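In: Next input, structure requested:
(2 chains, ligands or ions: 2)
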Protein chains: 2
Amino acid sequence: MDLYPESILNLIKSLSTLPGIGRRTAERLALHILHAPLHEAQTLANDILELKQKVTLCRTCFSLSDQPECRICSNPRRDASIICVVEKPTDIVAIEKSGAFSGLYHVLGGALSPMDGIGPDELRIRELFSRACSKTTTEVIIATGTNVEGEATAAYISDQLRKKGVNVTRIASGVPMGGDFQYVDQVTMQRAMEGRRGF
Amino acid sequence: MDLYPESILNLIKSLSTLPGIGRRTAERLALHILHAPLHEAQTLANDILELKQKVTLCRTCFSLSDQPECRICSNPRRDASIICVVEKPTDIVAIEKSGAFSGLYHVLGGALSPMDGIGPDELRIRELFSRACSKTTTEVIIATGTNVEGEATAAYISDQLRKKGVNVTRIASGVPMGGDFQYVDQVTMQRAMEGRRGF
Ligand SMILES: [Zn+2]
Ligand SMILES: [Zn+2]
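Out: Ligands and ions are numbered 1, 2, ... in the order given. Here you go, the predicted model:
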């Protein structure tokens, strides 16, 4: 295939590695970039590099941030007495879009999965316990996934926290079983948040 | 919208400017890049910049090239006695995919369009005439578009070249009227190429 110069073929190849971008779409995107103003292409390339350089994890909640502390943790208008526990940073996006929660988050970095060698020490559970046991915390809402690992993680954390005298709740099973939170619609997420119950 | 750190929002915004990439797809791509290995992201950014820096026009046929002369013009196995005239570099891709042509190309850089102020001097027509009148050229195939401007361009060039005693042909109207050559299937393009006729 030598229909294009090498530098166009290289970009087509790189774009094809992105999810949902087939060869034909990659070709179309590469030709668009070729004809776009130079500053647009430079901005795109620069944004890719900046993303990789700057995005890190918030030192408090471990969500994505390009500052030491994320926008939510450093926002004085958020209710610091409630902590919502999620598996991954993108789960926060679905909950924030619902507008049903104004507290802080805690990102575990996954779910318990003994089969895959993921125990409590592989997740940020110790950090959660330390935040949950501070005097300012009045409630910990567990919003881990509704699949086997997510449920096991919720059960483990709630057991441990109740032993420490912490008020723990679980979001209602309005969220579809086994689904990825990223694709949950806002109303369902609102219902799930409102219908949360004690363990 | 402060669901993501600024550097993620920037990349989502840049990706959204690409054709066919909506907000949701841009979000998905940005998160993929965020979690992809650093070298993959660097390769993608680098390929975008190299494309803009390196791709230029072939000094002979004016198609896309990252060398002074393109792969087709510098390929000794191509038949240098036949020149196929197209409007844009991407038209060449459709013709090459058909496998029905083994000569050289000439990219006009557009079509005649008096309404838009595009006359013969705005296209690479003088350069075509100089190539067409060389002793090695036995045929000039005109493969400009089948819309009004493409037909007018074909008529103008064929008139001028016949006056100079050059053998000029037009690809058959197997190509759909008004369509972009990029989306022509290979069989249709083969038929069109085989069915070319004199003016
Ligand atoms: Zn944070
Ligand atoms: Zn060339």
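In: going forward, measure contacts and count neighbours with C-alpha atoms only.
Out: Fine.
In: Send me the helix or strand A:Arg162 falls within as PDB with only the CA atoms.
Out: For A:Arg162, the element it lies in under DSSP states H and E is helix A:148-163. Output of helix A:148-163 as PDB, limited to C-alpha atoms (Å, rounded to 0.1, in the frame of the first residue of the first chain):
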ATOM      1  CA  VAL A 148     -19.600  -9.600  41.500                       C
ATOM      2  CA  GLU A 149     -16.400  -7.700  42.300                       C
ATOM      3  CA  GLY A 150     -18.100  -4.400  43.000                       C
ATOM      4  CA  GLU A 151     -20.600  -6.100  45.300                       C
ATOM      5  CA  ALA A 152     -17.800  -7.900  47.100                       C
ATOM      6  CA  THR A 153     -15.800  -4.700  47.500                       C
ATOM      7  CA  ALA A 154     -18.900  -2.900  48.900                       C
ATOM      8  CA  ALA A 155     -19.500  -5.700  51.400                       C
ATOM      9  CA  TYR A 156     -15.900  -5.700  52.600                       C
ATOM     10  CA  ILE A 157     -15.600  -2.000  53.000                       C
ATOM     11  CA  SER A 158     -19.000  -1.600  54.700                       C
ATOM     12  CA  ASP A 159     -18.200  -4.500  57.200                       C
ATOM     13  CA  GLN A 160     -14.900  -2.800  58.100                       C
ATOM     14  CA  LEU A 161     -16.300   0.700  58.400                       C
ATOM     15  CA  ARG A 162     -19.300  -0.400  60.500                       C
ATOM     16  CA  LYS A 163     -16.800  -2.000  62.900                       C
END
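In: what about the helix or strand just after it, average pLDDT?
Out: Under the assignment DSSP H and E, the closest C-terminal helix or strand after helix A:148-163 is strand A:168-170. Strand A:168-170 shows an average pLDDT of 89 in the prediction.
In: ok but A:Lys13 is inside a helix, no?
Out: Yes: assignment of A:Lys13 by DSSP: H, G, I helix; E, B strand; the rest coil places it within a helix.
In: contacting residues around the top strand by length along chain A?
Out: Taking DSSP state E as the criterion, chain A has its longest strand at strand A:79-86. Contact with strand A:79-86 is made by A:92, A:102-108, A:132, A:136-145, as judged by CA atoms under 8 Å, 6 or more residues apart in numbering or on different chains.
In: Just the buried ones among those, please.
Out: A:92, A:102-108, A:132, A:137, A:139-145 (16 or more other CA atoms under 10 Å in any protein chain shown).
In: circling back: counting neighbours, which bits of the helix holding A:Arg162 end up buried?
Out: Applying 16+ other CA under 10 Å to helix A:148-163 flags A:149-154, A:157-158, A:161 as buried.
In: Apart from its neighbours in sequence, what residue is nearest the residue of chain A found nearest chain B?
Out: Closest contact between chain A and chain B, by CA to the nearest CA, is at A:Ala45 (4.3 Å). Leaving aside its sequence neighbours, A:Ala45 sits nearest to B:Ala45 (CA to CA, 6 or more residues apart in numbering or on different chains; 4.3 Å).
In: And A:Thr60, by the same measure?
Out: Excluding the flanking residues, the one nearest A:Thr60 by CA to CA, 6+ apart is A:Glu69, at 6.6 Å.
In: Over to A:Asp180?
Out: Nearest one to A:Asp180, counting by CA to CA, 6+ apart, is A:Gly145 at 7.5 Å.
In: show me the contacts for the closest residue to A:Tyr183 other than its chain neighbours.
Out: For A:Tyr183, ignoring the flanking residues on the chain, the nearest one in space by CA to CA, 6+ apart is A:Ala94 at 7.7 Å. Contact analysis of A:Ala94 by CA under 8 Å, 6+ apart lists A:181-186, A:189.
In: re the thing from before, how about the helix or strand just after the longest strand of chain A, which residues are buried there?
Out: Beyond strand A:79-86 on the C-terminal side, the first helix or strand identified by DSSP H and E is helix A:89-98. Buried residues in helix A:89-98, defined by neighbour count with 16+ other CA under 10 Å: A:89-92, A:94-98.
In: And for stretch A:77-90?
Out: Within stretch A:77-90, the residues that qualify as buried are A:80, A:82-90, counting by 16+ other CA under 10 Å.
In: Please tabulate those in TSV, including the columns pLDDT and distance to ligand 2.
Out: Formatted as TSV, these follow (pLDDT from 0 to 100; distance: CA to the ion, whole Å):
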residue	pLDDT	distance to ligand 2
A:Ala80	95	66
A:Ile82	94	66
A:Ile83	96	64
A:Cys84	94	61
A:Val85	95	60
A:Val86	94	57
A:Glu87	94	55
A:Lys88	92	51
A:Pro89	90	50
A:Thr90	87	48
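In: right, and the residue nearest to A:Asp180 touches A:Glu151 too?
Out: Yes: contact criterion CA atoms under 8 Å: A:Gly145 and A:Glu151 qualify, at 6.7 Å.
In: which residues do the two both contact?
Out: With CA under 8 Å, 6+ apart, A:Gly145 and A:Glu151 have no common neighbours.
In: Any idea how many residues pack against the residue lying closest to A:Val93 once chain neighbours are set aside?
Out: Leaving aside its sequence neighbours, A:Val93 sits nearest to B:Leu3 (CA to CA, 6+ apart; 5.8 Å). Per other CA atoms under 10 Å in any protein chain shown, the neighbour tally for B:Leu3 reads 17.
In: so what's the closest residue to A:Ser102 other than its chain neighbours up against?
Out: Of all residues not flanking A:Ser102 in the chain, A:Arg78 sits nearest, at 5.4 Å (CA to CA, 6+ apart). Neighbouring residues of A:Arg78 by CA under 8 Å, 6+ apart: A:72, A:102-104.
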